[in-house]
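Colleague: 3D, please:
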Amino acid sequence: MKFQALFFIVFLLHLNSCSDADVQHELIIGCPTDEVAQTKENAAVLLLGKWEWIKTFYTNRASGNYVETSYSSGKQIFFEFKTDKVIITENNVVTEERYEIIVDEVGTAMAEQQLKINFTTTAGELREISLLRVSASGQCLTLINSYDDAGGDLNFQKVN
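Modeller: Numbering: from 1, shown residues only. Next comes the predicted model:
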């Protein structure tokens, strides 16, 4: 009986050690996009499908870093990329936009290029331009909007 009581106490202490911060940390790790699609054509193929938002990482020189997750914000966001449109579902509210992947020449000396994605409303108004990072595995997506110190970098994971 003493052993069962001791086991129960240890079990309760273990449950308490799994804090909200631990859960939050696991969500912050996210989905890496170290090796990314290099061409517009490859990125377009890998982008097709449904993606679940994991986190948005905000960085600001004045106020520091902040991470928002579905856990911290209460938001559930999905992007479903079709050939020429994206269906965005945020907390069961559905909107549709057009998107276009473009190649942006970064440096002329080394002929470096980066991929960007333009989102436009159905009325044809440019809503957002993001740097596009889709992993070579096709499982992780990052839309980088922090290049102007005002936006956040959105991370998504492919829904199977």
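
Colleague: Lys158 - nearest residue in space that isn't next to it in sequence?
Modeller: Gln139 (4.8 Å; CB to CB, 6 or more residues apart in numbering). Where you see a C-beta, it was placed from the backbone N, CA and C, and this is true even at glycine.

Colleague: neighbours of that neighbour, how many?
Modeller: If you count neighbours by other CB atoms under 10 Å, Gln139 ends up with 16.

Colleague: thinking it is in contact with Gln157, fair?
Modeller: Yes: using CB atoms under 8 Å, Gln139 makes contact with Gln157 at a distance of 6.5 Å.

Colleague: so what sits against both of the two?
Modeller: Cys31 (CB atoms under 8 Å, 6 or more residues apart in numbering).

Colleague: what pairs with the longest strand seen in the chain, parallel or antiparallel?
Modeller: Longest strand in the chain, counting residues (DSSP state E): strand 93-107. Sheet pairing of strand 93-107 (DSSP bridges) gives strand 85-90 (antiparallel), strand 112-120 (antiparallel).

Colleague: for the longest one, the distance to its chain's centre please.
Modeller: Yep, that's strand 112-120 we're talking about. The chain centroid and the centroid of strand 112-120 are separated by 16 Å, computed with CA atoms, centre = their mean, to the nearest Å.

Colleague: pull the CA atoms of that strand into CSV?
Modeller: Listed in CSV are the C-alpha atoms of strand 112-120, where the atom choice follows Å, rounded to 0.1, in the frame of the first residue of the first chain:
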residue,chain,number,x,y,z
GLU,A,112,21.4,34.7,-56.3
GLN,A,113,17.6,34.4,-56.3
GLN,A,114,15.0,33.9,-53.7
LEU,A,115,11.4,32.9,-54.1
LYS,A,116,8.5,35.2,-53.0
ILE,A,117,4.8,34.6,-53.0
ASN,A,118,2.3,37.4,-53.7
PHE,A,119,-1.2,37.1,-52.2
THR,A,120,-4.0,39.1,-53.8
